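Peer 1: quick one, structure for this:
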Amino acid sequence: MDHPNDNFPIFDLQQFHEGNITDRDLLFHELIGSREISEPHKHDFFMLLLFQESEGTHTIDFDHFVLNKNQLHLVFPGQVHQWQMDDSTNALQLMISRNWFETLIPALRFPISYYLKHLVIDVSEVNFQSLLIEFKEIAGNLRDETILWELVYARVKVITLLISKIVQDNFDDYEAYQNNPIIAKFVQLIDEWYKSEKSVAFYAERLNISANYLNVLSNRVLQKSASFLIQERILLEAKRLLKISDKTIKAIVFDLGFYDNASFSKFFKSHTNMTPSQFKEQP
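Peer 2: The predicted structure is shown next:
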């Protein structure tokens, strides 16, 4: 999902821990009152935010979400985010290490690519209360003199299972993902190879299907062509690099596998109506 040498500001879980223990796999915070992250950055861990009340915005990978009550926000390792919350904010936050997150993936019933489509979820009162109970129980467990980490992990796994249930309750497009493992694998392959491989034929060969059939599947399941999905991933990385890395545009062109500045600029402007320089300089 992310790439270790991309020059982004990457925050590790331990940077948010005020105690002496440096190998925690989970941190819990209450977010009360106004707060702001003005500089976009990314984490090397999984983050869950449960908003009881709030107004403001949360930007995840350049998509802007309006904060509201009874919301669940998901931020996956490697995603870029920033936020602005007002005085009414009352939220609970779990930061889950990459190690724990990877062991929890089987409890997510759908491919990660599906959850990336639904990063902010308005949760029903019943499901919200179920999540709130688990968050608060974890907070209590972490206050124990001797923390029973097996219990904490079990509660996090319950939350993960609840997220799958909530997603299934809230959205009606999950069956397409569940019944099309080829598309899930395609999205995974794009994330691994997009910098060097931009042709649909490359991915189709890896999936042992024709490029035409891959395109048909992509349009049917995601309502996007296979080539558009590849371009979409390249564009996301270009935005990340332009906005929050120290790389020059020339270095970004090389990193993303473009022939020259002109071809990159043409690609970027066709998708954003801005030149790379204009995007980099905008607030």
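
Peer 1: for the protein, longest helix please?
Peer 2: Assignment by DSSP state H gives helix 149-170 as the longest helix of the chain.

Peer 1: so what touches that helix?
Peer 2: With contact meaning C-beta atoms under 8 Å, 6 or more residues apart in numbering, helix 149-170 is reached by 25-26, 48, 72, 74, 94, 96, 100, 104, 107-110, 114-115, 118, 121-124, 127, 130-131, 134-135, 137-138, 141-142, 174. Any C-beta I mention is one placed from the backbone N, CA and C, and that applies to glycine too.

Peer 1: ok, now with 7 Å
Peer 2: 26, 48, 72, 96, 100, 104, 107-110, 115, 118, 121, 123, 127, 130-131, 134, 137-138, 141-142, 174 (C-beta atoms under 7 Å, 6 or more residues apart in numbering).

Peer 1: equivalent analysis for stretch 185-193, please.
Peer 2: 1, 113, 203, 206-207, 214, 229-230, 233.

Peer 1: low-confidence stretches in the stretch 51-200 of the chain?
Peer 2: 176-179 (pLDDT under 70).

Peer 1: all strands of the stretch 101-250 of the chain, in order?
Peer 2: 120-122 (DSSP state E, counting those that start in this stretch).

Peer 1: now the helices for it?
Peer 2: 112-115, 125-143, 149-170, 174-178, 181-193, 200-206, 211-222, 226-244, 249-255 (DSSP state H, counting those that start in this stretch).

Peer 1: out of those, which gets nearest to residue 80?
Peer 2: Ranking the helices of the stretch 101-250 of the chain by distance to residue 80, with C-beta to C-beta as the measure, places helix 226-244 first at 5.3 Å.

Peer 1: with just CA atoms, put the closest one into CSV.
Peer 2: The C-alpha atoms that make up helix 226-244 are tabulated as CSV, following Å, rounded to 0.1, in the frame of the first residue of the first chain:
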residue,chain,number,x,y,z
ALA,A,226,-8.5,-1.1,-16.2
SER,A,227,-6.2,1.5,-17.7
PHE,A,228,-8.0,4.2,-15.6
LEU,A,229,-7.4,2.3,-12.4
ILE,A,230,-3.7,2.2,-13.2
GLN,A,231,-3.7,5.9,-14.0
GLU,A,232,-5.6,6.7,-10.8
ARG,A,233,-3.0,5.0,-8.7
ILE,A,234,-0.2,6.9,-10.5
LEU,A,235,-2.0,10.1,-10.0
LEU,A,236,-2.5,9.5,-6.3
GLU,A,237,1.2,8.9,-5.8
ALA,A,238,2.0,12.0,-7.9
LYS,A,239,-0.2,14.1,-5.7
ARG,A,240,1.4,12.7,-2.6
LEU,A,241,4.9,13.3,-3.8
LEU,A,242,4.2,16.8,-5.1
LYS,A,243,2.4,17.9,-1.9
ILE,A,244,4.4,16.4,1.0
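
Peer 1: and that helix, what's buried?
Peer 2: Buried residues in helix 226-244, counting neighbours by 16 or more other C-beta atoms under 10 Å, are found at 226-231, 233-244.

Peer 1: before we move on, what about stretch 79-95?
Peer 2: 79-83, 85, 89, 91-95.

Peer 1: and the end-to-end length of it?
Peer 2: End-to-end distance of stretch 79-95: 14 Å, with C-alpha to C-alpha, to the nearest Å as the criterion.

Peer 1: got it, and stretch 188-199?
Peer 2: End-to-end distance of stretch 188-199 (C-alpha to C-alpha): 15 Å.

Peer 1: buried stuff in that stretch?
Peer 2: Within stretch 188-199, the residues scored as buried using 16+ other C-beta under 10 Å are 189-191, 194, 197-198.

Peer 1: just to check, residue 72 is in contact with residue 123?
Peer 2: Yes. The pair residue 72 / residue 123 is scored as a contact, 5.3 Å apart, by C-beta atoms under 7 Å.

Peer 1: give me the common contacts of these two.
Peer 2: Taking C-beta under 7 Å, 6+ apart as the contact rule, residue 72 and residue 123 both touch 131, 166.

Peer 1: how many neighbours does residue 139 have?
Peer 2: 14 (other C-beta atoms under 10 Å).

Peer 1: can you pull the contacts of it?
Peer 2: residue 28.

Peer 1: one more: residue 119?
Peer 2: Counting by C-beta under 7 Å, 6+ apart, residue 119 has contacts 60, 73-74.

Peer 1: and which of the residues you listed is nearest residue 250?
Peer 2: residue 60 (28.2 Å).

Peer 1: quick revisit: quick one: which of the contacts of stretch 185-193 is nearest to residue 31?
Peer 2: Looking across the contacts of stretch 185-193 and measuring by C-beta to C-beta, the closest to residue 31 is residue 1, at 24.4 Å.
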